[in-house]
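Engineer: Sequence first, predicted model second:
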Amino acid sequence: MNDALSALEAQVRDDLHKTAHPNVPWLKARPGPDGKPALDVLIVGAGQSGLAIGFGLLRSQVGNILVLDKAAEGLEGPWLTYARMPTLRSPKHFTGPDLDMPSLTYQSWHEAMFGREHWQQLDRILRQHWVDYLIWFRRVVGVPVRNGCEVLDIKPAANGLLAASVQTAGGMETLYARKIVLATGQEGMGNWMIPEPLAHLPPSLCVNASADIDFAALRGKQVVVIGAGASAFDNAATALEAGAAEVHLLCRRAEVQLIQPYHWLTFRGFLRHFSELDDAWRWRFMRTILDMREGFPQPTWDRCARHANFVLHEGAPVEAAQQAGNKVELQTPGGPVVADFVICGTGIAMDFTSRPELQNCAANIATWADRYQPPQSERSPRLGRFPYLAEDYALTERVAGATPWISDIHLFAIASTMSFGASGSSINAMTTAVPKLVHGLTRGLFRADIEGHWASLQAYDVRQAIIRREPETADDAG
């Protein structure tokens, strides 16, 4: 560790100490069915969101928490797996997990590692550097994380608790918690989507963009990428850089999306108060934004366009796909396109039943379609399948009373978007979204213990002063 980083860590400790008020412990452990104290909050997912949520809870004196991740340490989130861009797409000055503490910002870490001049000359943050920053952040703030742990089931347990069945290297174990946060990023409430015309193709010919793709094996091959968002372009560029003979990117729209709506919405008013709007306004805003999809920055286009063997097809939805030996023939309005391999960068399909951890409640999780019917001109079956969340990011019931325990499962992922706008997994929203979630969690914990807090007040007898009365003297008596 260099001297600058050591000094920064000392500054972090000092800042945390100076901003710890009020630092009085206020939660009493609730016993689980196994006789051990249950967790106050269990967070599933140790990526940037899970770490920020853990940090926010620790600052709120909620220390009986645990963060789980199925990946090995350092491989949490998409950054070293299916994120295939050289740099983050967010501008470098966007803050995130630091929750407005200057010494914990990425900029402070970067300047300590590489110097202030290097920061000033930096365009965008390298993906590997962001991972290194998150590893440092996790260590320096002390968020408790267990890797190699996958939550396979959540169900209600005695004493108002939730029971999470967790697969570890040593086998299955059950963790009990008062609240569970699903900070599970893209896949939180569904799975990566392969469009219906291609769904019958084998994985040797067609995969989604999150798959573990052997790009070296695509050298000299004809590759087709479905979709025109930033992720689709990243996969196209990676195939080109690996030596693919040709890469065809099929965009269903008449023109590719060049506007980035997430830049428009990155202002305090929207990020902080969007979730407080009525359903009609929330639907109207997010339908417009999500129908536009997320645009790509200039370097992403340039990365593909510099290759003469890159072909962009606009107005080219896939109408049918047919396997012909070891190749795929895709039918589009502009004619057939033949590929040796197809990559689908078409996003996530909301499908609660596909999530094993939600098997006990998936059928009763309310969606936007259950709660709001927009005007005919604004309807969208795709967006109607998003979960309809409570004001504290909790799942809500389709049929009241059937699964009341899901009000203690809180979702902080891409699927939170319809209810909260940019929130789970979005760096630009973290400084407002994470405190909003933490506020909801602590409010629920406090309200659930209100009888105990009342009894504590009634019994409180700590005196902060002593009244000393001097005995009377003879002169006083006369």
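Structural biologist: On my side now, so go ahead.

Engineer: and this protein, what are its domains?
Structural biologist: By the assignment in automatic domain parsing, the chain contains the domains 3-189+349-454, 194-258+295-346.

Engineer: What separation is there between residue 301 and residue 307?
Structural biologist: Distance, residue 301 to residue 307, by CB to CB, to the nearest Å: 12 Å. No exception for glycine: its C-beta is placed from N, CA and C like everyone else's.

Engineer: for the domains of the chain, which one sits closest to residue 269?
Structural biologist: Residue 269 lies closest to domain 3-189+349-454 among the domains of the chain, at 10.0 Å (CB to CB).

Engineer: Can you tell me the SS state at the residue nearest to residue 423 when sequence neighbours are not counted?
Structural biologist: Take residue 423 and drop its neighbours on the chain: the residue closest to it by CB to CB, 6 or more residues apart in numbering is residue 433, 4.0 Å away. Look at residue 433: counting by DSSP: H, G, I helix; E, B strand; the rest coil, its state is helix.

Engineer: so what's residue 433 up against?
Structural biologist: Applying CB atoms under 8 Å, 6 or more residues apart in numbering, we find residue 433 in contact with 271, 412, 420, 422-424, 426.

Engineer: Same check on residue 71?
Structural biologist: Residue 71 touches 46, 77, 147-148, counting by CB under 8 Å, 6+ apart.

Engineer: same deal with residue 262?
Structural biologist: The contact partners of residue 262, by CB under 8 Å, 6+ apart, come to 289, 294, 422, 426, 428.

Engineer: Mean confidence (pLDDT) on stretch 22-34, please.
Structural biologist: Average pLDDT, stretch 22-34: 95.

Engineer: quick one: least confident helix or strand in the chain?
Structural biologist: Least confident helix or strand of the chain, by mean pLDDT, DSSP states H and E, is helix 474-477 with a mean of 61.

Engineer: what's the distance between residue 216 and residue 243?
Structural biologist: Taken as CB to CB, the span from residue 216 to residue 243 is 8 Å.

Engineer: ok, those two, which is more surrounded?
Structural biologist: The neighbour comparison of residue 216 against residue 243 (other CB atoms under 10 Å) goes to residue 243, with 13 against 8.

Engineer: So the more buried one, which state does it fall into?
Structural biologist: Per three-state DSSP, residue 243 ends up coil.

Engineer: so it sits right up against residue 219, yeah?
Structural biologist: Yes - at 3.7 Å, residue 243 and residue 219 qualify as touching, with contact defined as CB atoms under 8 Å.

Engineer: most centrally placed residue in the chain?
Structural biologist: What sits nearest the mean C-alpha location of the chain, by CA atoms, centre = their mean, is residue 425, with 3.0 Å.

Engineer: Show the model's pLDDT score for that residue.
Structural biologist: 76.

Engineer: Give me the phi and psi angles of it.
Structural biologist: Main-chain dihedrals, residue 425, degrees, to the nearest 10: phi 80, psi 0.

Engineer: mind listing what it touches?
Structural biologist: Counting by CB under 8 Å, 6+ apart, residue 425 touches 47-49, 185-186, 413-414.

Engineer: Which one (most neighbours) among the residues you listed?
Structural biologist: Counting by other CB under 10 Å, top hit in these: residue 49 with 32 neighbours.

Engineer: does that residue count as helix, strand or coil?
Structural biologist: Three-state assignment for residue 49 (three-state DSSP): helix.

Engineer: check contacts around it.
Structural biologist: Contacts of residue 49 were listed using CB under 8 Å, 6+ apart, and they are 183, 185, 412-413, 424-425, 430, 434.

Engineer: Residue 279 now?
Structural biologist: Contact analysis of residue 279 by CB under 8 Å, 6+ apart lists 371-372.

Engineer: buried set for the longest strand anywhere in the chain?
Structural biologist: Counting residues, the longest strand found in the chain (DSSP state E) is strand 171-185. By 16 or more other CB atoms under 10 Å, the buried positions in strand 171-185 come out as 175-185.
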